[in-house]
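> only geometry, no sequence info:
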């Protein structure tokens, strides 16, 4: 048996919420496209007209390291994920939508809202995310339990604003839980927010797992996490099957520790260096707002670390010193670029290809 695949543009958020409700009821499957431009739907090549009856959603990955791909996910996985999340968070409630709905994190906000039968407050994602807009949107929420999902960059901006504006701090503290995922967050940032009474929940997952299925290093009920023979994280559940992740990891005292992407390890002078680990260490240097690392080819060492960051100009030397101290001389950056922005995809994740190209241009003198 098959059912039709319905297409909704990402900037039709209310239409998408209704379509999500119908998809959960089995009336159709749903694919949320990129936003309409001048009233025209974007090109959607190679999408089928119908899918197997068990499929509820087709989700596109953000393609941070290459070409995006489309993943078919079951209605059962959507329902199980929303139920397990609500149980871990202490019940259902109202959600603030601050992420694009054509990616899995934003889609999950609509799914959880539809299941909870609560109206989400939807931020305008056609303009830049600001603390002022977040506070204004949060003030429109009426439910006793309030939730939102953010990427680390958004959370960092709110934390900086909260230092100067009490209204931002109050808005953050008003949420029963703030989920943050998509990429690693600064440990110092999370600790600081939690010390101020803000319930930040760090999530881990992917489009293939229908978003975050590990909350604060512990798998949701019904989800199993193990480490494969090649040290990659493997996630399984009755609804998802088995998903082999692209990340290396280890389990310590029952908690998952993500060590970085398997394809983001460079070899410098014969020593393996995780670029995700480089970012985690450099992110905690005072004065760094945002940071990304890439591999740079080097005639002597084979590969060296390159850093692009947003923050204070005087901290570049401190970044280099901290990396050399913590990871050894092989991790000392060959080049550090201070920029007014770190390249990102529309999902909010770092655009790793564009970041790598920054170093290639600087090497060629462009």
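Arrived safely. Just so we're clear, the structure is a prediction, and the values are computed from it rather than from any experiment. Residues are numbered from 1 along each chain as shown.
> check which helix or strand covers residue 353.
Per DSSP states H and E: residue 353 is located in helix 352-364.
> residue contacts, residue 273?
Residue 273 is in contact with 265, 266, 267, 305, 327, 330, 331, counting by Cβ atoms under 8 Å, 6 or more residues apart in numbering. For glycine as for every other residue, the C-beta is placed from the backbone atoms N, C-alpha and C.
> quick check: domain ranges of the protein?
73-260, 265-364 (automatic domain parsing).
> would you mind putting those domains into JSON lines with distance to residue 33 and mean pLDDT alongside?
Shown next, in JSON lines, are those (distance: least, Cβ to Cβ, whole Å; pLDDT from 0 to 100):
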{"stretch": "domain 73-260", "distance to residue 33": "6", "mean pLDDT": "95"}
{"stretch": "domain 265-364", "distance to residue 33": "12", "mean pLDDT": "87"}
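> and residue 50, which of those domains is closest to it?
Residue 50 lies closest to domain 73-260 among these, at 14.7 Å (Cβ to Cβ).
> that closest one: how far from the chain's middle?
With Cα atoms, centre = their mean, to the nearest Å as the basis, domain 73-260 stands 8 Å off its chain's centre.
> quick one on the thing from earlier: what is the helix holding residue 353 packed up against?
Judged by 3 or more Cβ pairs under 8 Å, 6 or more residues apart in numbering; DSSP states H and E, helix 352-364 is in contact with strand 288-298, strand 302-311, strand 335-338.
> does anything pack onto the shortest one? Which helices or strands?
So the one you mean is strand 335-338. Strand 335-338 packs on strand 302-311, helix 316-327, helix 352-364, going by 3+ Cβ pairs under 8 Å, 6+ apart.
> check those for me and report the most buried one.
Ranked by mean neighbour count, the helices and strands packed on strand 335-338 are led by strand 302-311 with a mean of 22 (mean count of other Cβ atoms under 10 Å).
> can you list the strands that that one pairs with?
Using DSSP bridges, strand 302-311 pairs in its sheet with strand 288-298 (antiparallel), strand 335-338 (parallel).
> hmm, back to that, reformat the helices and strands packed on helix 352-364 as CSV; add distance to residue 218.
Listed next are the helices and strands packed on helix 352-364 as CSV, based on distance: least, Cβ to Cβ, whole Å:
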stretch, distance to residue 218
strand 288-298, 27
strand 302-311, 31
strand 335-338, 36
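> touching the helix holding residue 353 from outside, list them.
So helix 352-364 is in contact with 64-66, 264, 292, 294-296, 306, 308, 335, 337, 339, 342-343, going by Cβ under 8 Å, 6+ apart.
> got a PyMOL select line for the buried ones in those?
Applied in PyMOL, the following selects the buried portion of the contacts of helix 352-364 according to 16 or more other Cβ atoms under 10 Å:
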select buried, resi 64+65+264+292+294+295+296+306+308+335+337+342+343
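> not counting sequence-adjacent ones, nearest residue to residue 4?
What sits nearest to residue 4 in space, not counting adjacent residues and going by Cβ to Cβ, 6 or more residues apart in numbering, is residue 28, at 4.9 Å.
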